[in-house]
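Q: Sequence plus the predicted model coming up.
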Amino acid sequence: MLSTANILLEARNLRKHFPITKGFIRQKKAGWIRAVDGVSFSINRGETFGLVGESGCGKTTTAKLVLLLEQPTSGSILFGGEDISALSETMLKQYSRSVQAVFQDPYGSLDPRMKVANIISEPLVVTHAITRKAIIERVKEVLLEVGLDPKSINRFPHQFSGGQRQRIAVARALASEPEVIILDEPVSALDVSIRAQLMNLLKDLQERLGLTYFLIAHNLAVVKHMSNCIGVMYVGHIVEYGDADEIHQHPCHPYTAGLLSAALPADPDAPNAEIILSGEVPSPINPPPGCRFHPRCSHAKGICSEAGPILRKVAANHFVACHFDLGG
Amino acid sequence: MKAVDGVSFLLREDETLGLVGESGCGKTVTCLSILRLISRPGRIVGGNVLLDGEDLLKKSEREMAHIRGRRIAMILQDPMTSLNPVFTVGNQVAEAIGIHQRVRGHHLWEKTVEILRLVRIPSPEKRISDYPHQMSGGMRQRVVGAAALSCRPEVLIADEPTTSLDVTIQAQYLNLLKEVQNQLHLAMIFITHDLGIVAKMCDRVAVMYAGKIVESAQMRELFHNPLHPYTVALLKSLPKLEGRQKWLTTIEGQPPSLLNLPPGCSFAPRCSQVEDRCLEEYPPSMIVDENHTVSCWRAV
């Protein structure tokens, strides 16, 4: 959607529908959960794309599709211009080496019975044919990279604090020299004073290693701080997409405006529009017709419940899916 | 282990006190101590809790049972664990009303509906017979709020009530709490780690670190004129919504374990302005002005 010269990862009209089955012996399909329903975005090399939205809006499913943990129902993912569904087995191995992930909960994402060395080297052992000595060397290297003591390779995860565990998770993602790292809520499980450390580390690594990040978070301040480009997701759709500063200054979708207003700044004198969205996120099993946001939208008119708006351009780097011109 | 060590604060009618700090700094233990709900082997070794001038720590267990729920109520973080999944929400809210107000039958039902309406649960006559799993997280937390408010307490302790909620639902819940507070003239203790919530909700703030209150002030004063290096660093470490900064200011190191606190000031190992004295002796609480106190040698 944006300039195409430098795109590393691109999703085109990605859909993932999960079947709902009924019955025990003869399972019948009773409906579909449209977790991701036509999502497109592109990430430039060396930049960060932030996907924001509330729980259940399909952020993590999108990440799973990119990580090949789920097969898309339709749509395609392009990596370096090539469709990954058409890749050969060896090329797919190359792809999974190039795309790594850091998950939210460093207590759940690290196996408590594995030593740090084994945790970090696991992706290497799977995807690289290298000697044991070289592996240990690499593990020490990435531990230094994330600011941990290389001597701690024989320790277990429980010997580390939450912030250090998340650093181990980052080290594991770095081990196979990836190009893209998917960060799924990387700081939300950490204490406030530790969050800044980790965000600085991630930015520093990006700068030094030229990494591309796909960041998923619900905290708008975090997303804005980390990202060049933002996508706002609501019930399986991207409703607003574009440059991070632009979206923050001129939110055009009423949902983005509501999210921004709900993000509480740590400043008692900050101007706050006080847009309180009523109602809750609808279920993706039975989303409202037309624009999925219309039951909660204060600007909704007749057309909103009839036709779903498509993403249209409002500025050079700014797209919105809304029938009206609200922001600006 | 001293989870909470010499914490003092006061709460006035109609006022919201924010208790801010990271996990494990003693916020929750402080509030459980107020209600005398510390379970063994933990115990309160000293101090007093005065409600309208009466010391709660001297009350009998029976008297305490009358105070809990009726005069001081508490909302916990996770509505999924604080509600019982096998009883209807109406049942659980009515239980509190039944115990404290001795109402039965359809009066009890009416009261329950009324209190569910107070927390803005849509069509409470129907939702009263729902089970917790039939409700969304935001609605469940409202039910918890309803149970806490059912006996019109004077003090409400809210322990991170919105942490498990989505941002737009959090905004709804915070507004609701504020409205109910005005309606019922509640004094509120709001435990949180989110300074954004503090800026929105609180009149006064106490910042806790490793079991002690390191700074307390009027909310605006704390944001504009923070004096303790921990408060200063905490405020600086947050990413801003306005403008663009490249690097965030960090607080190096990690919060200390309460099992082996450093001698002297607990924050000293992470403090950028540490002096020799900080490593030897814990700083006394300095009164900066009537409403602002800070425990730091640099403020002496």
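A: Great, that's in hand. Numbers count the residues shown, from 1 in each chain, chains lettered A, B, ... in the order given.
Q: Would you map the helices across the stretch 51-200 of chain A?
A: Counting by DSSP state H, counting those that start in this stretch, one finds helices in the stretch 51-200 of chain A at the ranges A:59-66, A:89-98, A:116-127, A:132-145, A:162-175, A:192-209.
Q: Could you find the closest non-adjacent residue to whichever residue of the stretch 51-200 of chain B sits closest to chain A?
A: Distances between the stretch 51-200 of chain B and chain A by CB to the nearest CB are smallest at residue B:196, namely 3.0 Å. The C-beta positions use only the backbone N, C-alpha and C, and glycine is treated the same way. Using CB to CB, 6 or more residues apart in numbering or on different chains and skipping residues adjacent in sequence, the residue nearest residue B:196 is residue A:264, 3.0 Å away.
Q: Next up, the contacts around that neighbour.
A: B:171, B:194, B:196-197, B:199-200 (CB atoms under 8 Å, 6 or more residues apart in numbering or on different chains).
Q: what residue lies at the spatial centre of chain A?
A: Residue closest to the mean C-alpha point of chain A, counted by CA atoms, centre = their mean, is residue A:216 at 3.0 Å.
Q: That one in helix, strand or coil?
A: Using DSSP: H, G, I helix; E, B strand; the rest coil, the structure places residue A:216 in strand.
Q: Pairing partners for it in the sheet, please.
A: residue A:51, residue A:184 (DSSP bridges).
Q: does any bit of stretch B:9-25 sit next to chain A?
A: Yes - remark: stretch B:9-25 sits within contact range of chain A at B:22-23, by CB under 8 Å from any CB of the partner chain.
Q: circling back to that earlier point, among the contacts of residue A:264, which pair sits farthest apart?
A: The two members of the contacts of residue A:264 with the most space between them (CB to CB) are B:171 and B:199, at 13.3 Å.
Q: Read off the pLDDT value for residue 86.
A: In the absence of a named chain, this looks at chain A. Note for residue A:86: predicted pLDDT of 88.
Q: other chain: chain B
A: 93.
Q: residue boundaries of the strands in the chain?
A: Looking at chain A here, since you left the chain open. Remark: strands assigned in chain A by DSSP state E are A:7-22, A:28-44, A:48-52, A:74-79, A:82-83, A:99-102, A:180-184, A:212-217, A:229-234, A:237-243, A:312-315, A:318-320.
Q: Actually, chain B is the one I wanted.
A: B:16-20, B:50-51, B:54-55, B:72-75, B:155-159, B:187-192, B:204-209, B:212-218, B:286-289, B:292-294.
Q: show me the contacts for residue 277.
A: Chain wasn't specified; assuming chain A. A:255, A:258, A:262, A:296, B:168, B:171-172.
Q: hmm, I had chain B in mind actually
A: Listed by CB under 8 Å, 6+ apart, the contact partners of residue B:277 are B:264, B:297.
Q: roughly how far apart are it and chain A?
A: 23 Å (CB to the nearest CB, to the nearest Å).
Q: follow-up on the earlier one: would you format the contacts of residue A:277 as a markdown table with distance to residue A:33 and pLDDT included?
A: Formatted as a markdown table, these follow (distance: CB to CB, whole Å; pLDDT from 0 to 100):
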| residue | distance to residue A:33 | pLDDT |
| --- | --- | --- |
| A:255 | 20 | 93 |
| A:258 | 24 | 89 |
| A:262 | 25 | 85 |
| A:296 | 20 | 91 |
| B:168 | 21 | 88 |
| B:171 | 27 | 90 |
| B:172 | 25 | 90 |
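Q: The residue nearest to residue A:101 when sequence neighbours are not counted: how many residues sit nearby?
A: Distances taken as CB to CB, 6+ apart place residue A:182 nearest to residue A:101, at 4.2 Å, with adjacent residues excluded. The number of residues packed near residue A:182 is 25, by other CB atoms under 10 Å in any protein chain shown.
Q: anything in stretch B:220-233 sitting right up against chain A?
A: Yes - among the residues of stretch B:220-233, B:220, B:223, B:233 lie within reach of chain A under CB under 8 Å from any CB.
Q: What residues sit buried inside that stretch?
A: Of all the residues in stretch B:220-233, those buried under the rule 16 or more other CB atoms under 10 Å in any protein chain shown are B:221-223, B:226-233.
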